[in-house]
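J.: Need coordinates for the below:
(one chain, ligands or ions: 1)
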Amino acid sequence: MTTDSKTTRTTCPYCGVGCGVLATRQDDGTVSVTGDPDHPANFGRLCSKGSALAETLSLDDRLLYPEIAGERAGWDTALDLVAERFSTAVRDHGPDSVAFYVSGQILTEDYYVANKLMKGFIGSANIDTNSRLCMASSVAGHRRAFGSDTVPGTYVDLEQADLVVLVGSNLAWCHPVLFQRLEAAKAANPAMRVVVIDPRRTATCAIADLHLALKPDTDVFLFNGLLAFLSEADALNHNYIKRFTEGFEEAIQAAGPCEIGLISEKTGLSRQDIALFYKMVARTEKTVTVYSQGVNQSVVGTDKVNAIINTHLATGRIGRAGMGPFSVTGQPNAMGGREVGGLANMLAGHMVLENPNHRQIVQGFWNSPVIADKQGLKAVDLFKAVGDGRIKALWIMATSPADSLPDADGVAAALKDCPFVVVSEVSRAASSLAFADVVLPAAAWGEKDGTVTNSERRISRQRQFLDLPGEVKPDWWQLSEVGRRMGFADAFSYRGPAAIFREHAALSDYQNGGTRDFDIGAHKDISDTVFDGLTPFQWPQPAETAPKETRFFGQGGFFTGGRKAVFVPTAFKVPRKRARRYPFALNTGRIRDQWHTMTRTGKTARLTSHIAEPFAELHPQDAARLGIAPADLVEVTSPHGSVLVRALVTDRVGEGEVFVPMHWTDHLASSARIDAVVAPETDPQSGQPGSKFTPVQVAKR
Ligand code: SF4
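T.: Predicted coordinates:
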């Protein structure tokens, strides 16, 4: 939809805030970008990355033509080859011998087609995504507690709260516009308090009334203690617990008594700060707990999520204005991917792979010859299977696993040996290309058309305002063409993203009747023109009623068998041990002005000038002990790999901890591929890697 002949309403392709953007084509052919004042996520605001979007649109480094074995090829030849190699692998080795590894960067319509092809027509659930690295622990925690992967609240709740607790979330740098909204709300409500729970003193602490710099991965202990404190302080909502939940006794038993001294010892926090935090929560009805990668990227991530949710269920602070647990996702469409089942353990329409009734619904709706009946390989295991030869054909879409997965060198070695690798990509700088037998040029932001869903369940349009350059094609088209060539022409004959969106909406409506959280049935019959003009909306929007209220669970209505929430006992487990040889805890994460592996944000001087090269934050005491001065080169080493970076000596990190950003990879002049150092250890519930805590050694070089 255009607001005038030159301006297009679209959505930012970076973080999960999902800001609306106005992109205007100027007479000289350039594009200017401003925030959309009418978009309910940002009301016109943009952060540094969003406002620099126009500077990333050049065709430098773009892939423009299909390639086979490094040589330019025609689309028909390339697609025929992909279809033939996937079909042959399935015929000779079975459906689980092939896999897709996709991305929270692709649009919901792309995700929908990828998931449909793999689960309903190839017959395997071997489709996983880099969202596994982002929010899989939240998905698993939601499903354990609510029976569905539901974010109960909205962004407005952060503004309406009197207490906002940010756990493992550097909101100021990773979700900047949401941080701006919180900052403004705090300025307008002087009674509002903000608590930041994070081992690092991040930029977010600028608005914190209390910063709890706990030891890495001790969050479960802190929140179990809070649950016990709330019980002992008579701050529970017994009515909510009785009417809408089950398992409280088991959870409180697992939490144990509230021994502040013991909690202090385990978390490294002072008794005074722990007591202050607990009292703030106990006396503040309107409390929101926001959590992000510091919670999710942990080998105990799912328990962290459930320990947080337990405190909200126990107080009944959920699904009402200014209250609730709130997971904020890293990527622009991690939520859309979840809706279409684009993870190895999910089905389309937020349905559950293990549920035979759900499998029957999806197979019936798709009229597909098969339906995957067991979980597929989650990201880390998927690349182990590539490495040991179980995967014969792999399709990577819009992500660089040899940079971003833990044990990245191991992933690169696995890809090198994989018999057949297809890469759908935008940038020639992407490391995946080095392993590709077939390269398919994909549409970039501004060229794509479809929808994305942000962290508050709001579906927005990403609209095309640029012509497709060269022979570039959208991901949904590439997938559909391969599906047709594999013999499934009827199921993959889409004319465009509107047709896919209608099918997705119709599946959410199909045999639902209020039994599932995700329902956008109201949109199942919309015309292409209405799809083009679709304004941002939050789900659910079922067909039979006007839009429902935008929060879930204020009056129960969970999606478990008995429609009650489940308290999950989260007995504290001691975090990963640091061996004598690897005494530091490595933490990795984003910086304010870069995105993923910098193939886009690295194109603009405005963003690269924020922080010009990779670094390792080290505490002054550690630096002094190791003879390291500021800006010295240091080597950060684990059993999996090492990187060389400059020391940034700062008390923002605790003693024994080191922080290295994730963005600098080998296509850049200064490389520090930190995921080569990160251990491939995962949470047993979610399969999400513990990227915030790898035991490492630090030495001066
Ligand atoms: Fe884009 Fe996120 Fe910045 Fe909004 S906050 S402009 S979605 S990067």
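J.: Pretty sure Glu55 sits in a strand.
T.: No - according to DSSP: H, G, I helix; E, B strand; the rest coil, Glu55 belongs to no strand; its state is helix.
J.: That one - how many residues pack around it?
T.: Here the number of neighbours of Glu55 (other CB atoms under 10 Å) works out to 17. (C-beta placed from N, C-alpha, C; glycine too.)
J.: surely it meets Gly602?
T.: No - with contact defined as CB atoms under 8 Å, Glu55 does not count as touching Gly602 (10.9 Å).
J.: Measure how far stretch 97-117 is from the centre of its chain, please.
T.: 15 Å (CA atoms, centre = their mean, to the nearest Å).
J.: Quick one: end-to-end distance for that stretch.
T.: 15 Å (CA to CA, to the nearest Å).
J.: what about that stretch, average pLDDT?
T.: The pLDDT scores in stretch 97-117 average 96.
J.: got the residues of this protein near the ligand?
T.: Within the chain, the positions adjacent to the ligand are 12, 14-15, 17-19, 42, 46-47, 49-50, 175-177 by CB under 6 Å from any ligand atom.
J.: got the buried residues for the strand or helix carrying Val165?
T.: Secondary structure from DSSP states H and E places Val165 in strand 163-167. Under the neighbour-count criterion of 16 or more other CB atoms under 10 Å, strand 163-167 has Leu163, Val164, Val165, Leu166, Val167 buried.
J.: likewise stretch 199-215?
T.: Neighbour-count burial for stretch 199-215 flags 199-205, 207-208, 211-215 (criterion: 16+ other CB under 10 Å).
J.: Which residue comes closest to the residue in the stretch 401-550 of the chain that the ligand sits nearest to once chain neighbours are left out?
T.: Residue of the stretch 401-550 of the chain nearest the ligand, by CB to the nearest ligand atom: Asn454 (7.7 Å). The shortest distance from Asn454 to any non-neighbouring residue, by CB to CB, 6 or more residues apart in numbering, is to Gly18 (2.6 Å).
J.: In this structure, which residue sits nearest the ligand?
T.: Gly50 (2.4 Å).
J.: what's the nearest residue to Arg581 if we skip its chain neighbours?
T.: Spatial nearest neighbour of Arg581, excluding adjacent residues (CB to CB, 6+ apart): Gln697 at 6.2 Å.
J.: can you confirm the one you found is in a strand?
T.: Yes - according to three-state DSSP, Gln697 belongs to a strand.
J.: show me what contacts it?
T.: By CB atoms under 8 Å, 6 or more residues apart in numbering, Gln697 lies in contact with Arg581, Tyr582, Pro583, Phe584, Val636, Thr637, Ser638.
J.: so the fourth one makes contact with Arg578?
T.: Looking back up the chat, that one is Phe584. Yes - the pair Phe584 / Arg578 is scored as a contact, 7.2 Å apart, by CB under 8 Å.
J.: So for those two, which sits in the more crowded spot?
T.: Taking other CB under 10 Å, Phe584 and Arg578 do not tie; Phe584 has more neighbours (24 against 17).
J.: for the more buried one, phi and psi?
T.: phi -100, psi 150 (degrees, to the nearest 10).
J.: Which neighbours do Phe584 and Arg578 have in common?
T.: By CB under 8 Å, 6+ apart, Phe584 and Arg578 have these common neighbours: Gly656, Pro695.
J.: and the residue lying closest to Lys215 once chain neighbours are set aside, how many neighbours does it have?
T.: Among residues not flanking Lys215 along the chain, Gly268 sits closest, at 4.2 Å (CB to CB, 6+ apart). Look at Gly268: counted by other CB under 10 Å, it has 16 neighbours.
J.: what sits against Gly268?
T.: Residues near Gly268 by CB under 8 Å, 6+ apart: Ala213, Leu214, Lys215, Thr218, Gly654.
J.: repeat for Val438
T.: Listed by CB under 8 Å, 6+ apart, the contact set of Val438 reads Pro66, Glu67, Ile68, Ala73, Ala78, Leu81, Val82, Phe420, Val421, Val422, Val423.
J.: Tell me what it is bridged to.
T.: Ile68, Val422 (DSSP bridges).
J.: any idea how far the residue nearest to Val340 when sequence neighbours are not counted is from Ser292?
T.: In this structure, Val340 finds its nearest non-sequential neighbour in Tyr112, 4.2 Å apart by CB to CB, 6+ apart. Per CB to CB, to the nearest Å, Tyr112 is found 26 Å from Ser292.
J.: How about Ser97?
T.: As for Ser97, its distance to Ser292 is 36 Å (criterion: CB to CB).
J.: any idea which strand is longest in this protein?
T.: Taking DSSP state E as the criterion, the chain has its longest strand at strand 641-649.
J.: contact partners of that one?
T.: Under CB under 8 Å, 6+ apart, the answer for strand 641-649 is 407-409, 613-620, 623, 628-636, 660, 671-674, 676-677, 700-701.
J.: Quick check: next helix or strand after it?
T.: Following strand 641-649 in sequence, per DSSP H and E, is strand 657-661.
J.: Do a quick rundown of the helices in the stretch 1-150 of the chain.
T.: Listed in chain order, the helices of the stretch 1-150 of the chain (DSSP state H, counting those that start in this stretch) span 48-51, 75-93, 108-116, 136-146.
J.: what would those look like in CSV with mean neighbour count and distance to Asp517?
T.: Shown next, in CSV, are these (neighbours: other CB atoms under 10 Å; distance: least, CB to CB, whole Å):
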stretch, mean neighbour count, distance to Asp517
helix 48-51, 21, 29
helix 75-93, 18, 33
helix 108-116, 29, 16
helix 136-146, 27, 8
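J.: Any chance of these in TSV with distance to Ile526 as columns?
T.: Listed next are the helices of the stretch 1-150 of the chain as TSV, based on distance: least, CB to CB, whole Å:
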stretch	distance to Ile526
helix 48-51	28
helix 75-93	30
helix 108-116	14
helix 136-146	28
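J.: about what we covered before: which one of the residues of the chain next to the ligand has the most neighbours?
T.: Of all the residues of the chain next to the ligand, Gly18 has the most neighbours under the rule other CB under 10 Å, reaching 32 neighbours.
J.: can you pull the contacts of that one?
T.: Gly18 is in contact with Thr11, Cys12, Ala41, Pro332, Val452, Thr453, Asn454, Ser455, Glu456, Arg458, Ser460, counting by CB under 8 Å, 6+ apart.
J.: do Gln331 as well
T.: With CB under 8 Å, 6+ apart, Gln331 has these contacts: Cys15, Gly16, Ser103, Gly104, Gln105, Asn130, Ser131, Cys134.
J.: roughly how far apart are the closest residue to the fourth one other than its chain neighbours and Gln293?
T.: It stands for Gly104. Excluding the flanking residues, the one nearest Gly104 by CB to CB, 6+ apart is Gln331, at 3.0 Å. Gln331 sits at a distance of 11 Å from Gln293 (criterion: CB to CB).
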